[in-house]
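Trainee: this one's sequence-less:
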């Protein structure tokens, strides 16, 4: 979950020794856990993509809950949501309703995806799309979109770590030697890469317990302790209202304490579009498919909203930072780390920084594993080496997970952070274009594969061009993710407009292609596959991946 924020700038200050020591303690603890995770629930045959990339498909309700929570509620969420509220006020709260909307939506289709994936040994959404529509081209489009959307997401986790290091005083400042400035981030990256390579999905699954425990602790303490120091919520909201009403260089108020009628379309479409996109991301699906039964998924959709409560409380920290007069050094991303440094005793500030730092490691690990699964199954095996053995898939996936993290690190170190943020905004628009093929395919075989591919292409092009045309006070292009909705005249989320266009094109072309009797491809699934559970005959995590040449289903 991300929101537009300003460019990262170091908060050059002295090192907070106590906070740094606490941060290092927790970082070392989770590092040890990451390497020990390789022995946790280890299967006899561990050299396979199922074991490394999906944890053997063996996680129960609580492990899956922590894994999905650690996957979806990232360090960048911790930094960016309250930073958006600190900058613009109520518009930043869109993340709260979208994390409420998403769970009823996924209740309808994730159990079906789990069932068909376990029946056929699918590891990625692209595996399912290929099997359902008999189209490697459509499968490749879904895989490349997932890879494209995931890379900047990983980069932004590193941005979150960098913000914490800057406030701790170990970032070296903007004018320091590049090696000194980036060394702490390089060390964090090396540790992340090593234990992910060694332990696969088991590492973030185990560490997620620590990460979420720390985050809940920090938020509960912050929501009680900081308001007491600031004079109560009445004072906080009063200060926020006055500050946000001040007119900036553009002649408009900085923001609003409560959204006005002019912002309702943008707010509603952004919340709905973000909810639809969240479980299209490969890392969300990877965490889902790692569970041991469809009932685990159903139970998780009922208890995951507890994280939405946490997010609502977290968002209020943006108003607290306004009241506290937090100095962000021109960078709103530093608002919450700096607020913690200013308000908490040094030892507890270290705990808070550890929560953010570990909150970056868990999702970054899952994202890199998800990207590796996509490349291995849907590029390497489908196009480069169809005869690849499970052991070869396992080796390739581990290497690709390293390359993905190296690419994300290079992105962070060599490019302006605004570029990473812009690409993440685009990532949400792009990944939403895979929804018709994935969710549509889970309920119907009516869509034609070529129509879905054309709809995907139109949605991608429209979304990218529309985002390119959005300007902000600080940049000419890619300045946001909302633009005028054609035919309505209201400002709305580009991704939602693009996916509506995507669906319209897919429907129209499906009618045309069916009239022309264009070849539809082979569906290897059957109706029973979508409701099967682990105890049902034929469901096993050990089945080989299905191929497009399997007999037709329905």
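Mentor: Arrived safely. Since the structure is predicted, the reported quantities are computational estimates derived from the model, not experimental observations.

Trainee: drop to CA atoms for contacts and neighbour counts, all remaining ones
Mentor: Will do.

Trainee: Show me where the stretch 351-500 of the chain has its helices.
Mentor: 390-414, 417-431, 435-443, 449-468, 494-515 (DSSP state H, counting those that start in this stretch).

Trainee: Please tabulate the ones you listed in TSV, including the columns mean pLDDT, distance to residue 270 and mean neighbour count.
Mentor: Output for these, formatted as TSV (pLDDT from 0 to 100; distance: least, Cα to Cα, whole Å; neighbours: other Cα atoms under 10 Å):
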stretch	mean pLDDT	distance to residue 270	mean neighbour count
helix 390-414	87	26	19
helix 417-431	80	10	24
helix 435-443	96	16	20
helix 449-468	96	14	22
helix 494-515	97	8	20
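
Trainee: Figure out which of those helices is closest to residue 99.
Mentor: Closest approach to residue 99 among the helices of the stretch 351-500 of the chain is made by helix 417-431 (14.6 Å; Cα to Cα).

Trainee: now for that closest one, which elements pack on it?
Mentor: helix 136-168, helix 264-278, helix 449-468, helix 494-515 (3 or more Cα pairs under 8 Å, 6 or more residues apart in numbering; DSSP states H and E).

Trainee: Mind putting the ones you listed into CSV with distance to residue 306?
Mentor: What follows is those, written out as CSV (distance: least, Cα to Cα, whole Å):
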stretch, distance to residue 306
helix 136-168, 22
helix 264-278, 16
helix 449-468, 32
helix 494-515, 26
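
Trainee: what's residue 263 in contact with, if anything?
Mentor: By Cα atoms under 8 Å, 6 or more residues apart in numbering, the contact set of residue 263 is 91, 491.

Trainee: go again using 6 Å as the cut-off
Mentor: If you count contacts by Cα atoms under 6 Å, 6 or more residues apart in numbering, residue 263 has none.

Trainee: distance of it from residue 241?
Mentor: 17 Å (Cα to Cα, to the nearest Å).

Trainee: Show me where the stretch 101-250 of the chain has its helices.
Mentor: Using DSSP H, counting those that start in this stretch, helices in the stretch 101-250 of the chain cover 125-133, 136-168, 178-199, 202-230, 233-244.

Trainee: Which one, of the helices and strands packed on helix 417-431, ends up nearest to residue 336?
Mentor: Among these, if distance is taken as Cα to Cα, the winner is helix 136-168, at 9.3 Å.

Trainee: can you redo the helices of the stretch 351-500 of the chain as TSV with distance to residue 531?
Mentor: Formatted as TSV, the helices of the stretch 351-500 of the chain follow (distance: least, Cα to Cα, whole Å):
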stretch	distance to residue 531
helix 390-414	27
helix 417-431	26
helix 435-443	11
helix 449-468	23
helix 494-515	26
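
Trainee: Could you point out which of these sits nearest residue 340?
Mentor: helix 417-431 (22.5 Å).

Trainee: The residue nearest to residue 272 when sequence neighbours are not counted - how many residues pack around it?
Mentor: Using Cα to Cα, 6 or more residues apart in numbering and skipping residues adjacent in sequence, the residue nearest residue 272 is residue 98, 6.1 Å away. By other Cα atoms under 10 Å, the residues close to residue 98 number 23.

Trainee: Residue 98 contacts residue 276, correct?
Mentor: No: using Cα atoms under 6 Å, residue 98 is not in contact with residue 276; the gap is 8.6 Å.

Trainee: among the helices of the stretch 101-250 of the chain, which is the most enclosed?
Mentor: Most buried of the helices of the stretch 101-250 of the chain, by mean neighbour count (mean count of other Cα atoms under 10 Å): helix 125-133, with a mean of 27.

Trainee: Below-threshold pLDDT in this protein: ranges please.
Mentor: Within the chain, the stretches with pLDDT under 70 are 1-13, 41-46, 171-181, 248-251, 416-420, 473-474, 535-554.

Trainee: Repeat the analysis, applying 50 as the threshold.
Mentor: Along the chain, segments meeting pLDDT under 50 span 2-12, 539-554.

Trainee: Now the phi/psi pair for residue 477, please.
Mentor: The phi/psi pair for residue 477 (degrees, to the nearest 10) reads phi -130, psi 150.

Trainee: tally of neighbours for it?
Mentor: For residue 477, the number of neighbouring residues by other Cα under 10 Å comes to 15.

Trainee: For it, give me its contacts.
Mentor: So residue 477 contacts 468, 469, 470, 471 (Cα under 6 Å, 6+ apart).

Trainee: Now tabulate these in TSV and tack on distance to residue 70.
Mentor: Converted to TSV, the contacts of residue 477 look like this (distance: Cα to Cα, whole Å):
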residue	distance to residue 70
468	31
469	34
470	32
471	33
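
Trainee: Buried ones among those residues?
Mentor: Buried members of the contacts of residue 477, scored by 16 or more other Cα atoms under 10 Å, are 468, 470.

Trainee: ok, of the contacts of residue 477, which one's closest to residue 227?
Mentor: Among these, and counting by Cα to Cα, the member closest to residue 227 is residue 471, at 36.3 Å.

Trainee: what's that closest one in contact with, if anything?
Mentor: 477, 479.

Trainee: For residue 376, which of the helices and strands packed on helix 417-431 is the nearest?
Mentor: helix 136-168 (10.2 Å).

Trainee: What helices and strands are in contact with that closest one?
Mentor: Using 3 or more Cα pairs under 6 Å, 6 or more residues apart in numbering; DSSP states H and E, the elements in contact with helix 136-168 are helix 75-88, helix 125-133, helix 346-375, helix 417-431.

Trainee: Nearest to residue 18, out of those?
Mentor: So among the helices and strands packed on helix 136-168, helix 346-375 is nearest, using Cα to Cα, at 5.8 Å.

Trainee: Tell me what angle that closest one forms with helix 202-230.
Mentor: Here the directions of helix 346-375 and helix 202-230 differ by 140 degrees (axes from the mean of the first three to the mean of the last three Cα atoms, to 10 degrees).

Trainee: Now do helix 346-375 and helix 125-133, the angle between them.
Mentor: 30 degrees.

Trainee: What helices and strands are in contact with helix 346-375?
Mentor: So helix 346-375, by 3+ Cα pairs under 6 Å, 6+ apart, packs with helix 17-36, helix 75-88, helix 136-168, helix 202-230, helix 282-289, helix 390-414.

Trainee: mind checking how far it is from the chain centre?
Mentor: Relative to its chain's centre, helix 346-375 lies at 11 Å (Cα atoms, centre = their mean, to the nearest Å).

Trainee: That one vs helix 178-199, what angle?
Mentor: Here helix 346-375 points in a direction 60 degrees away from that of helix 178-199 (the same axes, to 10 degrees).

Trainee: List the buried residues in helix 346-375.
Mentor: Across helix 346-375, burial judged by 16+ other Cα under 10 Å covers 346-375.

Trainee: Repeat that for stretch 301-310.
Mentor: In stretch 301-310, counting by 16+ other Cα under 10 Å, buried: 301, 304, 305, 307, 308, 310.

Trainee: so how far is residue 359 from the second one?
Mentor: Yep, that's residue 304 we're talking about. 17 Å.

Trainee: What of the fifth one?
Mentor: When Cα to Cα is applied, the distance between residue 308 and residue 359 equals 16 Å.

Trainee: Just give the closest residue to residue 427, not the sequence neighbours.
Mentor: Closest residue to residue 427 apart from its sequence neighbours, by Cα to Cα, 6+ apart: residue 149 at 4.1 Å.

Trainee: Likewise for residue 495?
Mentor: Distances taken as Cα to Cα, 6+ apart put residue 429 closest to residue 495, at 4.2 Å, once the chain neighbours are dropped.
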